[in-house]
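Q: how would this look folded up:
(chains A and B)
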Amino acid sequence: MHASATHAGDHAHEHPTWQTYTKIALILFALTALEVWSYDIVHRHSPAALAVALEPIVVEVLLLLSAVKFALVAMFYMHLKSDGKLLASIFSFSLLLAAVIVVGLMIIFSYLYHVHPTLNPLK
Amino acid sequence: MADTAHAHADDHHYTATGIDNRKLAIWTFIGSECMFFASLIGTYLVYKGRDVSGPMPHSTWLLKGVEQEQMLEIPLVTFGTALLLFSSFFVVLALNGAQRGNRKQLLGWLCATIFCGMFFVGMQVFEFTHFAHRGMGYTTNLFSSTFYTLTGFHGTHVTIGLIWLLSVLAVALRGKLPPEKSLNLEMAALYWHFVDVVWIVIFPVVYLIR
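A: Residues are numbered from 1 along each chain as shown, chains lettered A, B, ... in the order given. As a prediction, the model looks like this:
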């Protein structure tokens, strides 16, 4: 009973078409080009006006572009958009824990270097 | 007749959640891998910019009084990144072919995916060899240790993904991947997309953010 209900559910959650996959691939390619272009502008300082404007926010821009690419691959290529909420919840919870690990490590080490400066490799 | 129906039912290992247990397993595994890579990325970030001596990733450095160029080769890695992204695109087209029973589409795109993956691994081997020739060993400084550990583990995952895709290709070539068994390719594809999304994070964090 359950299997047949699920089987019907499988067909209800159709995967995207190849046209959608192609559009996503082009967007991913464009976003990667934008990432490298942003890096290049700041690195070469050319054009100067754009480099001055971009330099203070380049890290945020790169992280934002990366997050958008990540979300596009997860939603469309990994089918999280069409495969139901449970799988999306498992992945989202894992990403939340992953973010806690990264931020936690940075906070712990920053605190450690503050309290025990001799542990800092730069000291 | 009854045996056939039973065999067909056995092909779909549904759980109480209504999701095939193999799919649930691969997603749980991917979840645990997220945390594994988070610890490596976190460690890289903790030690980023704390080197007291070269080689430096983004700036010139001195070796016996001679100025050396920055270590990271952005154009080469950008090309590798683009190929890895396209390989994700190719594998969904292969899966699309497998689900529709289009053998030509399945084999063609799967071969394209494997080719892109092989180029990426080759790019990484070239990069590591080049760095070693320029004097950057695993224990040279904090950057080298964290860089090799993070990108090396990612490269290992890409290699495992390649072996998995090659085994699926071998099955497909023998004509044993009909549409009702396309989940076998979907699981390999999910793993492949995962190594792609990890690189989507590693590329800016390691190569673009100074």
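Q: for the host helix or strand of A:His43, packing partners?
A: Here A:His43 sits within helix A:18-44, counting by DSSP states H and E. Judged by 3 or more CB pairs under 8 Å, 6 or more residues apart in numbering or on different chains; DSSP states H and E, helix A:18-44 is in contact with helix A:48-54, helix A:58-72, helix B:74-100. In short, each C-beta sits where N, CA and C put it, glycine included.
Q: Following element in sequence after the last one, please.
A: In other words, helix B:74-100. helix B:103-133.
Q: Show the average pLDDT along that following helix.
A: Averaging pLDDT along helix B:103-133 yields 96.
Q: quick one, whichever helix or strand comes after it and helix B:74-100 angle?
A: Downstream of helix B:103-133, the next assigned helix or strand under DSSP H and E is helix B:142-173. Between the axes of helix B:142-173 and helix B:74-100, defined by axes from the mean of the first three to the mean of the last three CA atoms, to 10 degrees, the angle is 30 degrees.
Q: roughly how far is helix B:142-173 from the heart of the chain?
A: 5 Å (CA atoms, centre = their mean, to the nearest Å).
Q: Any residue of it touching chain A?
A: Yes - using CB under 8 Å from any CB of the partner chain, helix B:142-173 reaches chain A at B:Leu142.
Q: sorry, back to before: can the helices and strands packed on helix A:18-44 go into CSV with extra columns for mean neighbour count?
A: Listed next are the helices and strands packed on helix A:18-44 as CSV, based on neighbours: other CB atoms under 10 Å in any protein chain shown:
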stretch, mean neighbour count
helix A:48-54, 13
helix A:58-72, 17
helix B:74-100, 21
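Q: between these, which one is nearest to B:Met35?
A: Minimum separation from B:Met35 across these (CB to CB) falls at helix A:58-72, 15.6 Å.
Q: If you count neighbours, what's buried in the following helix or strand past the closest one?
A: Next helix or strand after helix A:58-72 toward the C-terminus (DSSP H and E): helix A:85-115. Within helix A:85-115, the residues that qualify as buried are A:87-88, A:90-91, A:94-95, A:98, A:101-102, A:105, A:109, A:113, counting by 16 or more other CB atoms under 10 Å in any protein chain shown.
Q: sorry, back to before: so what angle separates the directions of the helix holding A:His43 and helix A:58-72?
A: 170 degrees.
Q: Enumerate the positions of helix A:18-44 that are buried.
A: So for helix A:18-44, counting by 16+ other CB under 10 Å, buried means A:18, A:21, A:24-25, A:28, A:31-32, A:35-36, A:38-43.
Q: okay, and for chain B, where does confidence drop off?
A: Along chain B, segments meeting pLDDT under 70 span B:1-12, B:14.
Q: From chain A, how far out is the nearest residue to B:Leu76 once chain neighbours are set aside?
A: Of all residues not flanking B:Leu76 in the chain, B:Met123 sits nearest, at 6.3 Å (CB to CB, 6 or more residues apart in numbering or on different chains). Between B:Met123 and chain A the computed distance is 15 Å (CB to the nearest CB, to the nearest Å).
Q: and if you look at B:Leu85?
A: Taking CB to the nearest CB, one finds B:Leu85 at 5 Å from chain A.
Q: Quick check, that residue in contact with A:Ala25.
A: Yes - contact status for B:Leu85 versus A:Ala25: in contact at 7.2 Å, counting by CB atoms under 8 Å.
Q: Give me the neighbour count for residue 117.
A: Reading this off chain A. 10 (other CB atoms under 10 Å in any protein chain shown).
Q: my bad, chain B
A: B:Gly117, neighbours per other CB under 10 Å, totals 25.
Q: for the closest residue to it other than its chain neighbours, what are its contacts?
A: Once flanking residues are discounted, B:Gly117 sits nearest to B:Leu162: 4.7 Å by CB to CB, 6+ apart. Applying CB atoms under 8 Å, 6 or more residues apart in numbering or on different chains to B:Leu162 gives the contacts B:114, B:117-118, B:121.
Q: Around B:Tyr138, how many other residues sit close by?
A: Neighbours around B:Tyr138, by other CB under 10 Å: 12.
Q: so how far is chain A from it?
A: For B:Tyr138, the distance to chain A - CB to the nearest CB - is 17 Å.
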